[in-house]
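Engineer: I need the structure of the sequence given here:
(2 chains)
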Amino acid sequence: MAAFDLSLRAERAHLWQDRVFIAVAWSLGLLGFVLPVSIVVFLFYRGAGAISLDLLWQSPRGFPLGASGGIRPAIEGSLALVILGLAVSLPLAVGGAVYLTEYSASDRLRRAASFCAECLAGVPAIIYGLFGYSFLVVFLQMRISLLAGGITLGLVMLPIILIGAYEALRAVEEKYRETGLALGVSRIYVFRRNIWPKARAGVLAAVVLAAGHAFGSAAPVLLTASVVMSKGGLDLSSPVMTLPTHLYYLVSEASSLEQAYATALILVLLLLAANFSVMRSKSRRQR
Amino acid sequence: MDASTGISPPLNWRQSDRLAAARAALQTRAESAPIALSLYGVSTAYGERAVLKNVYCSFAEGAITAIVGPSGCGKSTLLRVLNRTLELVPQGRVLSGSVSFRGTALHQAGVHPAAIRKRIGLIHQRPVPFPMSILEDVLFGARYHGLLGASPPLEYARSYLEQVGLWSEVKDRLRDRAERLSGGQQQRLCLARTLANQPEVILMDEPCSSLDPAATQQIEELILSLKPRYSIVIVTHNLAQARRIADRAIFMLDGEIIEQGPAEEIFTSPRLELTRDFVSGRIG
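Structural biologist: Next comes the predicted model:
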């Protein structure tokens, strides 16, 4: 007689556990794949018909407004807001992350700063909007304007970039800092030549994530920057149209559902394009 | 233990007499050699944990000094005190004492750690190739310190890659990433990078512990070839290696220096029983 039970019988229960686990993992993974794809496919199905050069190049027209014409001022406004927001948040967030990982010797400060950043990232977008409205628009008398909206979006992006950049910089192993500094060079030199090349892709990914988030959110700009209609042209002290708020008006006023789907499709395509270009530049660098 | 140390055959007595004479000669020569680095009562800690305890020792100019001792005895810490890289380790600090490098106190105000690290290079246990090409890696510190002068970067790098015997292996792939080299090649690259920094003293922290025997032999030959131009301090837990290359040896235990002197003496006829137990493999 064998001293051990080598038959599959003893393993059968484990085999079943494995099968169940694999089935659950697969179906959840599939769901994660099907959901975004079906959203894009659905938007294509409903909105592709309304996409034309006129939509991209003209201002909204018709009655109710937006029933015909294009969304060019909204695209311009959204892009301008995000660029302005990046101009505010990028130096602050990346600079802060570099300080925390490369210079700060205090573990307590690091923990406190990342805790605050995580809290900020968890604040609902409409709260940012209300803050921007009461502080920038009313108190600092910026009025509803590109500038006020851009700064508000900058605040929305700040914690996301800070956290992402901090994690990316922290992921660079300590040996690159220590070995570099052991050659008697400055911290900034080690950062520029050893740390940044290793962290760049991660920082960029955080920036794109934040910019995409800001580009698509209506709440922060609803009260600080956006109007229902502008003739185009960008001016820091004037309000602008934005894609997400335009979409919101189109749907809530039932102006034109077709136009709304086309607007949503363009919003999503712009976000996908930004993500893809970053992924491509990332994989090119790794090769 | 007593039995084995107390009884020796007569033949060995005569041999050890001759050795003692030779040793005495060696010792005078070594002891009268100028001193590059010395520690006076240095104590260090990581956070609250004391590591070095009131250490006094010295390192001769133009010699290879091996620091030996069991793991965790403070060998690497001692090395890191010598070029002020200890303060790069989280919570690492010198509690008391002073280190003198050719008469200058390293930890006094007005001495910048970067200036010391440039003059006293450190080779780490595991090679750390930087995220750049082989060529740029060699020039990393030299470029910063402005050592290239008028010489073309390629020629400058070449002379140091030749010194470590790496030139013929990498001359056709200087633009390749340094990470692609094998372990032994990476360690020689790191050595070339440190040499290109034009240091006066080279510290090595178990430079062969992650290498195979062939690569180890290459590094050992390299270290011996560097001896005429640099003062070298090497931490190793490989006693055979220390015996092969060192002129002087320091034996450490629990953050204290037990015995120091000419390598020959430490390894063949140490004065203290503790050292004898260690070099004969009874502790460690």
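Engineer: helix, strand or coil for B:Arg126?
Structural biologist: Using DSSP: H, G, I helix; E, B strand; the rest coil, the structure places B:Arg126 in coil.
Engineer: so where does the residue nearest to it when sequence neighbours are not counted fall, helix or strand?
Structural biologist: Spatial nearest neighbour of B:Arg126, chain neighbours left out: B:Ser210 (5.1 Å); criterion: CB to CB, 6 or more residues apart in numbering or on different chains. Yep, even glycine has a C-beta here, placed from its N, CA and C like the rest. Element membership for B:Ser210 (DSSP states H and E) is empty, with no helix or strand holding it.
Engineer: I'd say B:Ser210 and B:Val128 touch.
Structural biologist: No. The pair B:Ser210 and B:Val128 does not pass the contact test of CB atoms under 8 Å, sitting 11.2 Å apart.
Engineer: all helices of the stretch 51-200 of chain A, in order?
Structural biologist: According to DSSP state H, counting those that start in this stretch, the stretch 51-200 of chain A carries its helices in the segments A:53-57, A:72-98, A:107-122, A:125-131, A:146-170, A:174-181, A:187-190, A:196-216.
Engineer: cool, the stretch 1-150 of chain B as well?
Structural biologist: For the stretch 1-150 of chain B, the helices defined by DSSP H, counting those that start in this stretch cover B:2-6, B:10-32, B:75-82, B:113-119, B:134-138, B:140-145.
Engineer: If you average pLDDT over each of the ones you listed, which is lowest?
Structural biologist: Of all the helices of the stretch 1-150 of chain B, mean pLDDT reaches its minimum on helix B:2-6 (a mean of 38).
Engineer: Count residues in the vicinity of A:Ser277, would you?
Structural biologist: 11 (other CB atoms under 10 Å in any protein chain shown).
Engineer: roughly how far apart are it and B:Leu154?
Structural biologist: Distance, A:Ser277 to B:Leu154, by CB to CB, to the nearest Å: 36 Å.
Engineer: do B:Ala240 as well
Structural biologist: 39 Å.
Engineer: And B:Phe278, by the same measure?
Structural biologist: For B:Phe278 relative to B:Leu154 (CB to CB), the value is 47 Å.
Engineer: Neighbour count: the two, which is higher?
Structural biologist: With neighbours defined as other CB under 10 Å, B:Phe278 and B:Leu154 compare such that B:Phe278 has more, 24 against 11.
Engineer: Now B:Cys73: closest residue in space, sequence neighbours ignored.
Structural biologist: Distances taken as CB to CB, 6+ apart place B:Met252 nearest to B:Cys73, at 4.6 Å, with adjacent residues excluded.
Engineer: and the next element down the chain from the helix or strand that contains that neighbour?
Structural biologist: Using DSSP H and E, B:Met252 falls within strand B:248-253. For strand B:248-253, the following helix or strand on the C-terminal side (DSSP H and E) is strand B:256-262.
Engineer: who's in contact with that following strand?
Structural biologist: Strand B:256-262 has contacts (CB atoms under 8 Å, 6 or more residues apart in numbering or on different chains) with B:23, B:26-27, B:30, B:52-57, B:69, B:247-252, B:266, B:270-272, B:274-275, B:278.
Engineer: Looking at it now, give me its mean pLDDT.
Structural biologist: What strand B:256-262 shows for mean pLDDT is 90.
Engineer: list the buried ones in it?
Structural biologist: By 16 or more other CB atoms under 10 Å in any protein chain shown, the buried positions in strand B:256-262 come out as B:257-262.
Engineer: Can you give the strand pairings for it, parallel or anti for each?
Structural biologist: strand B:248-253 (antiparallel) (DSSP bridges).
Engineer: so the strand it pairs with versus helix B:75-82, what angle?
Structural biologist: With axes from the mean of the first three to the mean of the last three CA atoms, to 10 degrees defining the directions, strand B:248-253 sits at 120 degrees from helix B:75-82.
Engineer: Against chain B, how distant is the closest residue to A:Leu234 other than its chain neighbours?
Structural biologist: Nearest residue to A:Leu234, sequence neighbours excluded (CB to CB, 6+ apart): A:Ala80, at 5.1 Å. According to CB to the nearest CB, to the nearest Å, A:Ala80 stands 36 Å off from chain B.
Engineer: any idea how far A:Val88 is from A:Ala254?
Structural biologist: 36 Å.
Engineer: And those two? Which one has more around it.
Structural biologist: Comparing A:Val88 with A:Ala254 by other CB under 10 Å, the one with more neighbours is A:Val88, at 18 against 10.
Engineer: Now do the contacts for that one.
Structural biologist: A:150-151, A:154-155, A:158.
Engineer: Now pLDDT and neighbour count too, for the residues you listed, in a markdown table please.
Structural biologist: As requested, these are arranged in a markdown table below (pLDDT from 0 to 100; neighbours: other CB atoms under 10 Å in any protein chain shown):
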| residue | pLDDT | neighbour count |
| --- | --- | --- |
| A:Gly150 | 94 | 27 |
| A:Ile151 | 95 | 24 |
| A:Gly154 | 96 | 26 |
| A:Leu155 | 95 | 21 |
| A:Leu158 | 96 | 21 |
